[in-house]
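Trainee: A predicted structure for the sequence below; I have some questions about it.
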Amino acid sequence: MRIDVLTVLPGLFDCFLKEGVIGKAISSGKVEVKVHNIRDFTTDKHRVVDDVPYGGGPGMVLKPEPIFRAYDELTKEGEKPYVLLTEPWGEKFNQEMAVELSKKPRLMIICGRYEGVDERVKSLVDREVSIGDYVLTGGELPAMVIMDAVLRLIPGVLGNLESLRADSFSDRGLLGYPNYTRPAEFRGMKVPEVLLSGHHKKIESWRKEQSLRKTLERRPEIIENLKRKGLLTKEELE
Ligand SMILES: COC(=O)c1ccnc(N)c1
């Protein structure tokens with residue numbers, strides 16, 4: 001997968017693209033992420049990327065020209081990207097959308113900023129995406145959240161597919177089971193015996209029960225939804 005990011009603050013992405021699982025996925029060539037400074041697509045001496053809103057009002061609006069120039073330049077060759085715009089009022093990002101986006105061969109993420117982008121930029125956009133009901137100083141952190149959730153789903157990026165399978169939200173949207181590692185007892189808190197038993201069938205059913213219990217406690221609507229769709233087995237319903 002290739003992702004092109006358009007932003008006025010490219011420096012914000014430096015650590016994100018170098019460290020951890022994402023950093024390895026890029027350095028190994030499994031995925032390609034290019035961050036572009038919208039300012040590099042201006043043509044005036046002062047490299048202006050924003051202007052005051054027509055009709056008055058507070059703050060600044062990102063101008064359309066530099067963004068369109070960037071889009072035209074970056075889509076001259078190769079597959080047309082699926083274009084996202086990070087906006088507080090966009091469609092709510094979730095695991096389902098992450099799975100859908102992970103199947104696209106190429107994405108472009110335009111990071112919103114200031115009071116927003118000129119409305120005409122949205123003629124380039126396939127999906128306006130929000131990571132929650134709150135406003136940030138810019139769409140760069142949401143772009144990183146989206147890329148993290150999407151890139152980890154690319155085959156080969158997460159070393160052990162098992163951890164992906166056991167991931168919260170991936171098994172029918174159920175929450176994940178509790179995890180433990182050594183030591184077996186820490187400050188009087190013991191690891192559940194079943195996990196030390198080596199009995200894989202018992203461990204599997206304990207984890208399933210924990211996952212159902214946690215989901216029922218924290219997100220009962222997920223259970224109700226699965227019941228309605230007939231996606232819970234008889235044992236799971238007991
Ligand atoms: C400027 O962008 C935002 O404030 C933003 C973007 C995406 N999701 C949000 N919750 C906020």
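Mentor: In hand now; what should we look at? Numbers count the residues shown, from 1 in each chain.
Trainee: grab the longest helix from the chain for me.
Mentor: In the chain, taking DSSP state H as the definition, the longest helix is helix 200-218.
Trainee: quick one: name whatever helix or strand follows that helix.
Mentor: Per DSSP states H and E, helix 200-218 leads on to helix 220-228 as the next helix or strand towards the C-terminus.
Trainee: flag every buried residue along the longest helix of the chain.
Mentor: 203, 206-208, 210-212, 214-215 (16 or more other Cβ atoms under 10 Å). The way it works is simple: take the backbone N, C-alpha and C, and place the C-beta from them, glycine included.
Trainee: could the residues you listed go into JSON lines alongside pLDDT?
Mentor: What follows is these, written out as JSON lines (pLDDT from 0 to 100):
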{"residue": "Ile203", "pLDDT": "97"}
{"residue": "Trp206", "pLDDT": "96"}
{"residue": "Arg207", "pLDDT": "95"}
{"residue": "Lys208", "pLDDT": "94"}
{"residue": "Gln210", "pLDDT": "96"}
{"residue": "Ser211", "pLDDT": "95"}
{"residue": "Leu212", "pLDDT": "95"}
{"residue": "Lys214", "pLDDT": "95"}
{"residue": "Thr215", "pLDDT": "95"}
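Trainee: among the residues you listed, which one sits closest to the ligand?
Mentor: Relative to the ligand, the closest of the buried residues of helix 200-218 is Thr215; by Cβ to the nearest ligand atom it sits at 24.7 Å.
Trainee: was I right about that closest one contacting Gly176?
Mentor: No. Applying Cβ atoms under 8 Å, one finds Thr215 not in contact with Gly176, separated by 9.4 Å.
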